[in-house]
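Novice: just need the structure, nothing else, for what follows:
(2 chains)
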2 protein chains.
Amino acid sequence: PVSTDPVGTDPASEPAVSRAHLPEGDDGSAGTAVIVGSGLIGASLGLALSAQGWRVHLRDVAELALSQAVSLGAGVSTPPSDVQAVSLVAICVPPSAVAELVVEVAREFPAAIITDVASVKAPIVAAVKQAGGVERFVPGHPMAGRELTGPTGARSDLFEGRPWVLIGDEASGQAHASIKALIQSVGAIPVTMTASGHDAAVAVVSHTPQLIASAMAAQLGSVDDSVLDLAGQGLRDTTRIAASDPHLWGQIVGANGSAVAAVLDGVIADLQSVRSALGSQTAAVTVESLVQRGREGQASIPGKHGGQAARYSAVAVVIPDRAGSLAALFNAVGELRVNIEDLTLEHSPGQPVGLATLFVSPPDADALSKGLEQAGWIVHR
Amino acid sequence: PVSTDPVGTDPASEPAVSRAHLPEGDDGSAGTAVIVGSGLIGASLGLALSAQGWRVHLRDVAELALSQAVSLGAGVSTPPSDVQAVSLVAICVPPSAVAELVVEVAREFPAAIITDVASVKAPIVAAVKQAGGVERFVPGHPMAGRELTGPTGARSDLFEGRPWVLIGDEASGQAHASIKALIQSVGAIPVTMTASGHDAAVAVVSHTPQLIASAMAAQLGSVDDSVLDLAGQGLRDTTRIAASDPHLWGQIVGANGSAVAAVLDGVIADLQSVRSALGSQTAAVTVESLVQRGREGQASIPGKHGGQAARYSAVAVVIPDRAGSLAALFNAVGELRVNIEDLTLEHSPGQPVGLATLFVSPPDADALSKGLEQAGWIVHR
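Specialist: Purely as a prediction, here's the structure:
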C-alpha cells in the first residue's frame, strides 16, 4: 500500500524495510546522507531517502538545479554540521567527475559508505583504485531515468521495481550489504555484477540503442515538414530516446568504448549487409532475414514486470474524446472486477474518438470484452 | 460523437460525409466493393466500408485470414453477383503482387475504380504502366498499421486521423477525386504526392526506422537473460517495430532500394564515424555531436495530432495497483473538468503501486495537479 502523505513531509515516518543493514546515525534515525549532484537521479534519491526520514544534504555546482531539488523536497542545501555523522554519500554526477569525487568525499566524511550512480563502471573502479582505493566505496547504477534530465523530472518512486546494479561479489562485505539494503528500501531490485559485466550489459541494453536512435533521428534534420507529417508511431518510438542529453551521453559512451564497439560492430555489419543487397536480386531475402532475426531478438526482451516474460491480453476499447469518458470506462472495468496491468491511450487526431487498449491477464480478457460490450462499449480483441 | 452500435450491424446507417464524390451503386447506396487481401489493412477497410453501408466482397488466397475477416464483419466471402455493379476494388496485398492484380481486376470489373494500399508506389505505378496502364487506378498508401499483421488486429477506426497518401496531381481527375472522398469517409487525411516523392518519404519515416530497429534487436538474440533483465523502456521503444512481419518487410524494402539506400547511407556513416572514434580522445565529442543532431531531428517530428506540433504538459500520479484505482483517478479528473489528451500507465514491477502520466493542455496542468493533490493523490509535475 502506498502512503497518501505527500512525499517528504513526515521525516519521522518508518522506513519500508528493516534497518538492520542500513547505515544509521548515532541517534538511531535513518541517518545523515550527502548527495553530490542534484539532477534527475540525485534529486529522486534525495526524495526517496527524505521520505524515509533521512537527513539529506544536497550539493551541486549548478545553483539552479540545486535550488530546484531543494524546493522539491529532495533535501537541504546546507552542509552537514558534523562530518562524522554522515553515514552515506551518493555521488550522482556525470561519469567523468565521479572517481575524483569518491576520493575527495572519502577524506571529508570518514564514517560514510560511498556509492555512485554512473552508467559506466569499469573506468571509475579503475580510477579509484589507482588513486589508492576506497574500501567504503560500493559502485552502483540504478537502471532508471529515461530521456529526462534535471531535478524537475525527479520522483521519489523513480527506482521502484527497477534493477539497480551494484559492483562486487559475495565477499563484498558490510559496505556492500548496507548499500544493498538501502536500495531495496527505495524499492529497487539489487543486481550484483562485475564492473566489466555491467559495462558489457549496458552497452547492449542502453548505450548502443541510444546511438542508433540518435543516428536515425539525425537523418530527420534535413527533411521537409511534408515528409515528417507522414510519421507514425513507429518512427516516434524508435527515436524517442534521441531526446536525451548530448553532453552526458558523450561522456557515457566515450567511457564505455570497447563494450559499445562490440555491439555497434554487429549493428553496422547487419545494416551494411542490407545496404549492399539493396537494388540487387537478394535485397528482399536479405532484409527478410534481418527482420526475422530482429523479431526473435525483440521477443527475448522480458516483459515489464521485473524479469518475468509477462504476457497480457490486449482489449481495445473505442472511447469518445471528452472529459469523463475514461472515468466511465474505468467504472465499467471496476464493476467487472478486472485488474488492468497496463494501458495505452491513442488519439484519433482530428476525430472525436480515441482508442484505449487495456492489458489484462489472459484469463480476464474474455470477461472484460464481453462485459464491456454488454455495457455498450465498442471493443476489439 | 461515436456510435455506440457495434461495428457493422447497421448497414443502413448514414455515412459520415457527403457521398457526392463517392463511387455509388445504381440503387443509390454506398455501392459494392471488392477487397482483395483480408489482412490488417484489407479487413480494417472492409469494416470501415461495411459500417457505412457498402456491400463488401472479400477475397484472399489464405482461407484462415479470409474466414477471420468475414467473422469480424469486414465483408462476405462470396463473389459479387454482378461485376458491372462493383464500383470500387481495393488491392490490399503485399507489394510484389499488386501490379498484376490491378491489371486483372481492371478486366474483371469494368466499371470499378481501383486502388491499392502498398507501402511502395513507384515500382507498382511503373509495372501497371508497362502492362498498358489502367486509367481507373489510383495508387494509395494509408499510413496506418504499426507492427501488427493479419485480420485479427483489424479495426474499423484504423484509418481515423491517419495520413493516406494518394499518388497523382491536380489533374488526376474523377477517379482520384472519388478515392479521395472515400478515404475521407473512413476518417483518413488524404495527402497527394508523386510516386517517387512518396517512396522517398516513407524511406525516411518508415522503412529505414524498421531496418535500424531490426538491426538493434538482432543483436539481442545472442545475449544472456541476465543482460536483458536490465532492459528499460528505452530498449523496448527503440525495438518495438522489430516485431514486424519479416516477409512483408523484405518485399517493401526490396522494392524501395534506392530511396532506402539514401537514408541508410546517412545512418551507417554516422554510426561508423562514432565507431571509429570509440577508444580515442575524440569519442565523447563525436558521440555528443551525433546525439545533439539526433535531438534536433527528433524535435522536428510533429506531435500526434495530424501535423500540428502539439505539446502537452505531463502530470504523473502515483496509483495503488488494484482494481478500481484508475476509475477513482479518472473520476477525480472528470470532476476537475480536464480533458486528457494522452496517457501512459507504468507499473512498478513487484511493487504495489503504479504511475499514471496524464498529458493535458498546458493551461490545464496546474489546475489538474492542484486538484488531484487536494483530493489526496500523490502528483508529480
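
Novice: my read: residue A:83 touches residue A:109, true?
Specialist: Yes. Residue A:83 lies in contact with residue A:109 (Cβ atoms under 8 Å); the separation is 5.3 Å. C-betas here are computed from N, CA, C, even on glycine.

Novice: compare these two (neighbour count), which wins?
Specialist: A side-by-side neighbour count of residue A:83 and residue A:109, using other Cβ atoms under 10 Å in any protein chain shown, places residue A:109 first with 22 against 16.

Novice: pretty sure that one sits against residue A:34.
Specialist: Yes. Distance between residue A:109 and residue A:34: 6.6 Å, which falls inside the contact criterion (Cβ under 8 Å).

Novice: overlap in contacts, these two.
Specialist: Between them, residue A:109 and residue A:34 share the neighbouring residues A:86, A:89, with contact defined by Cβ atoms under 8 Å, 6 or more residues apart in numbering or on different chains.

Novice: mind listing the strands for the stretch 1-150 of chain A?
Specialist: Listed in chain order, the strands found in the stretch 1-150 of chain A under DSSP state E, counting those that start in this stretch are A:32-36, A:55-59, A:86-91, A:113-116, A:137-138, A:140-142.

Novice: looking at the ones you listed, spot the one closest to chain B.
Specialist: Minimum separation from chain B across those (Cβ to the nearest Cβ) falls at strand A:140-142, 9.1 Å.

Novice: excluding its backbone neighbours, what's nearest the residue most central in space within chain A?
Specialist: Closest to where the C-alpha atoms of chain A average out (Cα atoms, centre = their mean) is residue A:144, at 1.5 Å. Taking Cβ to Cβ, 6 or more residues apart in numbering or on different chains as the measure, residue A:144 lies nearest to residue A:162, with 4.4 Å between them; neighbours along the chain are not counted.

Novice: any idea how far apart the tips of stretch A:50-70 sit?
Specialist: Across stretch A:50-70, the terminal residues are separated by 11 Å (Cα to Cα, to the nearest Å).

Novice: tell me if that stretch is near chain B.
Specialist: No. Counting by Cβ under 8 Å from any Cβ of the partner chain, chain B has no neighbours in stretch A:50-70; the shortest distance is 10.4 Å.

Novice: in which helix or strand does the residue nearest to residue A:336 when sequence neighbours are not counted reside?
Specialist: Using Cβ to Cβ, 6+ apart and skipping the chain neighbours, the partner closest in space to residue A:336 is residue A:371 (4.2 Å). With elements delineated by DSSP states H and E, residue A:371 resides in helix A:362-374, which encompasses its position.

Novice: then residue A:317?
Specialist: When secondary structure is defined using DSSP H and E, the element that contains residue A:317 is strand A:313-320.

Novice: go on, residue A:191?
Specialist: strand A:189-193.

Novice: is chain B contacted by that strand?
Specialist: Yes. Residues of strand A:189-193 are located near chain B by Cβ under 8 Å from any Cβ, namely A:189, A:191.

Novice: show me what counts as buried in whatever helix or strand comes next after that strand.
Specialist: Tracing the chain C-terminally past strand A:189-193 and defining elements by DSSP H and E, one meets helix A:195-202 next. By neighbour count, and taking 16 or more other Cβ atoms under 10 Å in any protein chain shown as the criterion, the buried residues in helix A:195-202 are A:195, A:197-202.

Novice: stretch A:111-128 now?
Specialist: Using 16+ other Cβ under 10 Å as the test for burial, stretch A:111-128 gives A:111-125, A:128.

Novice: how about that stretch and chain B, touching?
Specialist: No. Shown here: stretch A:111-128 not in contact with chain B (Cβ under 8 Å from any Cβ), separated by at least 11.3 Å.

Novice: elements contacting the helix or strand where residue A:357 lies?
Specialist: Here residue A:357 sits within strand A:353-360, counting by DSSP H and E. For strand A:353-360, the elements it packs on are strand A:313-320, helix A:325-335, strand A:342-347, judged by 3 or more Cβ pairs under 8 Å, 6 or more residues apart in numbering or on different chains; DSSP states H and E.

Novice: for that strand, what is the average pLDDT?
Specialist: Strand A:353-360 carries an average pLDDT of 74.

Novice: partner strands of that strand and their direction?
Specialist: Using DSSP bridges, the neighbouring strands of strand A:353-360 in the sheet come out as strand A:313-320 (antiparallel), strand A:342-347 (antiparallel).

Novice: contacts for whichever helix in chain A runs longest?
Specialist: Longest helix in chain A, counting residues (DSSP state H): helix A:257-277. Helix A:257-277 is touched from outside by A:196, A:199-200, A:202-204, A:207-208, A:211-212, A:253, A:283, A:285-287, A:290, A:293, B:211-212, B:214-216, B:218-219, B:253, B:261, B:264-265, B:267-268, B:271-272, B:274-275, B:278-279, B:283, with contacts defined as Cβ under 8 Å, 6+ apart.

Novice: which residue of chain A sits farthest from its center?
Specialist: In chain A, the greatest distance from the average C-alpha position (Cα atoms, centre = their mean) is reached by residue A:281, at 43.4 Å.

Novice: who's in contact with that residue?
Specialist: If a contact means Cβ under 8 Å, 6+ apart, then residue A:281 has no contacts.

Novice: any idea how far residue B:257 is from it?
Specialist: Between residue A:281 and residue B:257 the computed distance is 11 Å (Cβ to Cβ, to the nearest Å).

Novice: residues contacting the residue nearest to residue A:144?
Specialist: Contacts here follow Cβ under 8 Å, 6+ apart; on that basis residue A:162 touches A:142-144, A:187-189, B:232.

Novice: got the residues you listed as a markdown table, with distance to residue B:337 and pLDDT columns?
Specialist: Formatted as a markdown table, the contacts of residue A:162 follow (distance: Cβ to Cβ, whole Å; pLDDT from 0 to 100):
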| residue | distance to residue B:337 | pLDDT |
| --- | --- | --- |
| A:142 | 38 | 95 |
| A:143 | 38 | 91 |
| A:144 | 34 | 84 |
| A:187 | 34 | 88 |
| A:188 | 38 | 90 |
| A:189 | 40 | 90 |
| B:232 | 35 | 84 |
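
Novice: among those, which two are most distant?
Specialist: Distances among the contacts of residue A:162 were taken as Cβ to Cβ; the most separated pair is A:187 and B:232, at 15.2 Å.

Novice: neighbour count winner among these two?
Specialist: More neighbours surround residue A:187 than the other of residue A:187 and residue B:232, with 22 against 19 (other Cβ under 10 Å).

Novice: the more buried one against residue A:159, yeah?
Specialist: Yes. Using Cβ under 8 Å, residue A:187 and residue A:159 qualify as a contacting pair, with a distance of 5.5 Å.

Novice: which residues do these two both contact?
Specialist: Between them, residue A:187 and residue A:159 have residue A:48 as joint contacts when contacts are counted by Cβ under 8 Å, 6+ apart.

Novice: okay, the residue nearest to residue A:336 and chain B: tell me how far apart.
Specialist: Here the distance between residue A:371 and chain B works out to 13 Å (Cβ to the nearest Cβ, to the nearest Å).

Novice: same question for residue A:53.
Specialist: Between residue A:53 and chain B the distance is 18 Å, computed by Cβ to the nearest Cβ.

Novice: so how many other residues sit close to the closest residue to that residue other than its chain neighbours?
Specialist: Once flanking residues are discounted, residue A:53 sits nearest to residue A:30: 4.3 Å by Cβ to Cβ, 6+ apart. Burial measure for residue A:30: 27 neighbouring residues, criterion other Cβ under 10 Å.

Novice: neighbours of residue A:227, how many?
Specialist: 18.

Novice: just residue A:181 next, same as before
Specialist: By the criterion of other Cβ under 10 Å, residue A:181 has 18 neighbours.

Novice: flag every residue of the stretch 51-200 of chain A that's near chain B.
Specialist: For the stretch 51-200 of chain A, the residues in contact with chain B under the definition Cβ under 8 Å from any Cβ are A:143-144, A:146-147, A:152, A:154-155, A:157, A:160-163, A:165, A:187, A:189, A:191, A:200.
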